[in-house]
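> Structure of the sequence below:
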Amino acid sequence: MLTSLTRLFPLWALLAALLAWAVPAPLNRFGDTITPLLMLIMFSMGLTLDWQDFARVWQRPGRVALGVLLQFSIMPLAALAVARLLQLPPELTTGLVLVGCCPGGTASNLICYLARANVALSVTLTAVSTLLAVLLTPALVMLYLGTHVPVPAAQMLWSLVQIVLLPVLGGVLINSLAGKRLGVLQPWLPLLSMLAIVVVIAVIVAINEHRIATVGLTVLCAVVLHNLLGMAAGYGAARLARTGEADARTLAIEVGMQNSGLSVALAMQYFTPLAALPGALFSVWHNLSGALLASIWGRR
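Prediction:
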């Protein structure tokens, strides 16, 4: 029964998004719960890992390097190509490219978990890409848009430590010390994580309802195409590199899912509210597409 509920993740995610879209007011006040919920998800994933999972990742550093290379090459180029293909106006082009220049998002770790991918590799790639983004994100924005965008390095690093590293390491530590005693709890962890991310999706939709309402079909198509191109390119490149299926799934998810919250913050601070629209919409869409992908892969 637990597995059946988890496999319906895309349905729950879509229903939550539609409900939040129809009745956003009750959820608007829960914006502050997003970070604690993401921390809970990371902690739950940590409970399924041990130290040897991370040791195995670093025994093959080429896969980490491949993931980072794909992240910061495919996504900015894909964003610019999609913007030109669909002839987006300058402000929306800026927003989409800004999404592409950001590091991987923390939600990708949960999607990898539910998709039976390599969670340790996913967490490592999120951490490494976030650290490198301090330099690469402003450099790529300057390259593609000709605009200097300062990235809040200290805030990004603290967010990474707070939301990803500490909860995951705490879960790994507890699993290492009391793994056998967690046997009854572990079957419930995927369901707990799924419920948490469904709530996160609903809150994101509710908070951005007024922005999403102004987005035309063209921008929606741009965001969907950008995300799918990233996932397809990540998976295809990984298979060409002859990685295993689990690692290929991980790279597809890591490349396709961006830290769109960061892009929204940067757009609002350094550009215009209109430039923040692609990031706001990406925040909703990549969780839905990731949920669908996790459901398909989780069955296999």
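
> Low-confidence ranges, the stretch 201-300 of the chain, go.
Counting by pLDDT under 70, the stretch 201-300 of the chain contains low-confidence residues at 211, 214-216, 300.

> quick one, helices of it?
According to DSSP state H, counting those that start in this stretch, the stretch 201-300 of the chain carries its helices in the segments 209-212, 217-240, 245-256, 260-270, 277-298.

> now for the ones you listed, which one comes closest to Leu80?
Each of the helices of the stretch 201-300 of the chain was scored for nearness to Leu80 using Cβ to Cβ, and the closest is helix 217-240 (9.9 Å). (Glycine included, C-beta is placed from N, CA and C.)

> Could I get the pLDDT score of the closest residue to Cys101 other than its chain neighbours?
Nearest residue to Cys101, sequence neighbours excluded (Cβ to Cβ, 6 or more residues apart in numbering): Leu140, at 4.1 Å. Reading off the per-residue confidence, Leu140 sits at a pLDDT of 88.

> likewise Cys112?
According to the prediction, Cys112 has pLDDT 87.

> How about the one 3 residues further on?
At Ala115, the model reports a pLDDT of 84.

> phi, psi of it?
Phi and psi for Ala115, reported as degrees, to the nearest 10, are phi -90, psi 0.

> How much space separates it from Leu293?
Taking Cβ to Cβ, to the nearest Å as the measure, Ala115 and Leu293 are separated by 6 Å.

> thinking again about what came up before, of all the helices of the stretch 201-300 of the chain, which one is nearest Gly171?
Among the helices of the stretch 201-300 of the chain, helix 245-256 sits nearest to Gly171 (Cβ to Cβ), with 18.4 Å.

> Restrict the closest one to CA atoms and write it as PDB.
Output in PDB follows, covering the C-alpha atoms of helix 245-256 (Å, rounded to 0.1, in the frame of the first residue of the first chain):
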ATOM      1  CA  GLU A 245      21.300   3.200 -15.100                       C
ATOM      2  CA  ALA A 246      21.100   4.700 -11.600                       C
ATOM      3  CA  ASP A 247      23.900   7.200 -12.400                       C
ATOM      4  CA  ALA A 248      22.200   8.100 -15.700                       C
ATOM      5  CA  ARG A 249      19.000   8.800 -13.900                       C
ATOM      6  CA  THR A 250      20.800  10.900 -11.400                       C
ATOM      7  CA  LEU A 251      22.500  13.100 -14.000                       C
ATOM      8  CA  ALA A 252      19.200  13.500 -15.900                       C
ATOM      9  CA  ILE A 253      17.500  14.800 -12.800                       C
ATOM     10  CA  GLU A 254      20.400  16.900 -11.500                       C
ATOM     11  CA  VAL A 255      20.900  18.600 -14.900                       C
ATOM     12  CA  GLY A 256      17.200  19.200 -15.500                       C
END
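
> Any buried residues in that helix, and which?
In terms of neighbour count (16 or more other Cβ atoms under 10 Å), helix 245-256 has its buried residues at Asp247, Ala248, Arg249, Thr250, Leu251, Ala252, Ile253, Glu254, Val255, Gly256.

> and that helix, what does it pack onto?
helix 61-85, helix 107-114, helix 119-145, helix 217-240, helix 277-298 (3 or more Cβ pairs under 8 Å, 6 or more residues apart in numbering; DSSP states H and E).

> Next, the angle helix 61-85 makes with the longest one.
To tie it back to what came earlier, the one meant is helix 119-145. 40 degrees (axes from the mean of the first three to the mean of the last three Cα atoms, to 10 degrees).

> The second one too?
Comparing the axes of helix 107-114 and helix 61-85 via the same axes, to 10 degrees yields an angle of 120 degrees.

> same thing with the last one?
With the same axes, to 10 degrees defining the directions, helix 277-298 sits at 130 degrees from helix 61-85.

> where's helix 277-298 relative to the chain centroid, distance-wise?
Here helix 277-298 shows a centroid-to-chain-centroid distance of 8 Å under the convention Cα atoms, centre = their mean, to the nearest Å.

> For it, output the C-alpha coordinates as PDB.
Backbone C-alpha positions of helix 277-298 (Å, rounded to 0.1, in the frame of the first residue of the first chain) are rendered in PDB as follows:
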ATOM      1  CA  LEU A 277       8.500  34.800 -13.900                       C
ATOM      2  CA  PRO A 278      10.400  32.000 -15.600                       C
ATOM      3  CA  GLY A 279      12.000  31.000 -12.300                       C
ATOM      4  CA  ALA A 280       8.700  31.100 -10.400                       C
ATOM      5  CA  LEU A 281       7.100  28.900 -13.000                       C
ATOM      6  CA  PHE A 282      10.100  26.600 -13.200                       C
ATOM      7  CA  SER A 283       9.800  26.100  -9.400                       C
ATOM      8  CA  VAL A 284       6.400  24.500  -9.900                       C
ATOM      9  CA  TRP A 285       7.000  22.700 -13.200                       C
ATOM     10  CA  HIS A 286      10.300  20.900 -12.400                       C
ATOM     11  CA  ASN A 287       8.700  19.400  -9.300                       C
ATOM     12  CA  LEU A 288       5.800  18.100 -11.400                       C
ATOM     13  CA  SER A 289       8.000  16.700 -14.200                       C
ATOM     14  CA  GLY A 290      10.400  15.300 -11.600                       C
ATOM     15  CA  ALA A 291       7.500  13.600  -9.800                       C
ATOM     16  CA  LEU A 292       6.300  12.000 -13.000                       C
ATOM     17  CA  LEU A 293       9.800  10.800 -13.900                       C
ATOM     18  CA  ALA A 294      10.300   9.400 -10.400                       C
ATOM     19  CA  SER A 295       7.000   7.600 -10.600                       C
ATOM     20  CA  ILE A 296       8.000   6.000 -14.000                       C
ATOM     21  CA  TRP A 297      11.500   5.100 -12.900                       C
ATOM     22  CA  GLY A 298      10.500   4.100  -9.400                       C
END
